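Q: After the sequence you'll find the predicted model.
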Amino acid sequence: MENLARLLKEHPFLHGLEDRHLEFLTGCASNVRYAADEFLFREGQEAGASYLLRSGRIALEIAIPGRGPVQVQTVEVGEVLGWSWLFAPYRWQFDARAVEPVRAFALDGNCLRPKCEADHDLGYELVKRFLYQVHLRLERTRIQLLDIYRAQG
Amino acid sequence: MAAGADTAAAGAADPMMPRFLRVRRTVRETHDTVTLELDDSIDAPGFAPGQFNMLYVFGAGEVAVSISGPPARPQNLVHTIRGVGAVTAPLVDARRGSVLGVRGPYGSAWPLDEAARAGCDLLLMAGGIGLAPLRPVIYEVLRRRREFGNLIILYGARTPADVLYRKELAQWRTHPGVTVKMIVDHAAAGWSGRVGVITDLLGAVEFDAAETIAMTCGPEVMMRFSYRELLRRGVPPERVYMSMERNMKCAVGLCGHCQLSPIFICKDGPVLRADRVDPLLGVREL
């Protein structure tokens, strides 16, 4: 457990987190591994965790009838995947597939939600961190939407 | 003239008079992009990385295209062209033996000599066809390897099918001190690389921001976002360069079609220091 806490602290998503909060998080965290092409989750499934990526690469995909799966973004080492467990109805919006073997910390959403409700300091700290990730992801997505490399005659 | 940028003299005595060069070889890069190698073995004027030529297609017109070949071999004059307009479409269709009119080279160059003097690292950020004007920099850095620090090449493309110079990208990353990272905007499930935007790649490489010269080339929006992200990561504004493209016509600073406030892109650019040009990028129409 102590070792897990130390490793969690080193992940960029949790840098600077107070020890008492880290202790809470450690109780909800586990080490997970996925083989290449294994799905971490599928669109529509219950959203139960956030994944703090330690190695490998994860593709966020959406299946389009007639076109097959399309990758919309990849999540890289040091980044975090998934916050749908924070928001009702707690369902994943995309498929997440390991592009290459993945090692990650899974933070159990069902464990974290009541802790965040009970300890608003922890909840606020976590929501701030997730919101920053959402902000970065939104900025990226907006640039992608511009389709800046499209041919213009 | 951009502060800090190197410039080679334009080749022809009469800058409006084209030379006539024959296509020696064509290379299909992607579904809409072709590299043309022109035979310039007689009196090749030479060029500096970042400069451009005006290519003339008889019956269609003239267009500015950056030179994308090795500066050390100017007799083989190389341009990579995306066929999207009235002139570039027939250029892409040119065959071996076709004759094109060529004026140039024109404009300012990437600050390679400044980088060599400082011995600093080079960070190249290329988007789409913007890799072509940076390729001569890569050739020169690899040829004069000891004069430079690390070379980091970050490249963003629309899809995996739009990636230019695939074999070279793979080959460049085998050189010591050279890092190549690539990202695409969208991909099908078979792609195993990154999907996102080029600024994401800055988080994937390590560099000493204060000792790095950054060169960006691609759509203006991409360069604006790249510039902001480079500043956020501590690269001094005077060490970031952009290659601009704006409606070049005469290429010698006479007609004013490419004028961006006080700057004639064809003559003062296309390579400009970012801190000089960034405040002007909000200009919506010339």
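A: Looks like it came in fine.
Q: Just the buried positions in the worst-scoring helix or strand of chain A on mean pLDDT, please.
A: The weakest-scoring helix or strand in chain A, judged by mean pLDDT, DSSP states H and E, is helix A:2-10 (a mean of 87). For helix A:2-10, the neighbour count (16 or more other Cβ atoms under 10 Å in any protein chain shown) marks A:Ala5, A:Leu7, A:Leu8 as buried. In this view, the C-beta of every residue, glycine as well, is placed from N, C-alpha and C.
Q: Quick check: the second one touching A:Phe105?
A: The reference is to A:Leu7. Yes. Assessed by Cβ atoms under 8 Å, A:Leu7 is found in contact with A:Phe105 at 7.4 Å.
Q: Now the common contact residues for these two.
A: A:Arg54 (Cβ atoms under 8 Å, 6 or more residues apart in numbering or on different chains).
Q: give me the number of residues near residue 87?
A: Since you didn't name a chain, this refers to chain A. 9 (other Cβ atoms under 10 Å in any protein chain shown).
Q: Let me rephrase: I mean chain B.
A: For B:Val87, using other Cβ under 10 Å, the count is 18.
Q: Please name the nearest non-neighbouring residue to it.
A: B:Val63 (4.1 Å; Cβ to Cβ, 6 or more residues apart in numbering or on different chains).
Q: go on, B:Glu238?
A: Closest residue to B:Glu238 in three dimensions, ignoring its sequence neighbours and counting by Cβ to Cβ, 6+ apart: B:Asp275, at 5.8 Å.
Q: Can the biggest helix by length in chain A be said to contact chain B?
A: Ranked by residue count under DSSP state H, the longest helix found in chain A is helix A:120-146. Yes. Helix A:120-146 is in contact with chain B by Cβ under 8 Å from any Cβ of the partner chain, via A:Arg140, A:Ile143, A:Gln144, A:Leu146.
Q: circling back to that earlier point, of all the buried residues of helix A:2-10, which comes closest to B:Pro71?
A: Nearest to B:Pro71 among those, counting by Cβ to Cβ, is A:Leu7 at 49.0 Å.
Q: burial measure for B:Leu38, as a count.
A: Around B:Leu38 there are 26 residues (other Cβ under 10 Å).
Q: doesn't B:Arg25 make contact with it?
A: No. Using Cβ under 8 Å, B:Leu38 is not in contact with B:Arg25, being 9.0 Å away.
Q: Next to chain B, which bits of chain A? Give me the list.
A: A:57, A:59-61, A:67-74, A:76, A:78, A:97, A:99-100, A:140, A:143-144, A:146-153.
Q: mind redoing it with 6 Å?
A: By Cβ under 6 Å from any Cβ of the partner chain, the part of chain A that sits against chain B consists of A:Pro69, A:Gln71, A:Gln73, A:Thr74, A:Val99, A:Arg140, A:Ile143, A:Gln144, A:Ile148, A:Tyr149, A:Ala151, A:Gly153.
Q: Restricted to helices, list those residues.
A: A:Arg140, A:Ile143, A:Gln144.
Q: Adding neighbour count, distance to A:Gly27 and pLDDT, write these out as JSON lines.
A: Formatted as JSON lines, those follow (neighbours: other Cβ atoms under 10 Å in any protein chain shown; distance: Cβ to Cβ, whole Å; pLDDT from 0 to 100):
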{"residue": "A:Arg140", "neighbour count": "19", "distance to A:Gly27": "32", "pLDDT": "90"}
{"residue": "A:Ile143", "neighbour count": "20", "distance to A:Gly27": "38", "pLDDT": "91"}
{"residue": "A:Gln144", "neighbour count": "17", "distance to A:Gly27": "37", "pLDDT": "92"}
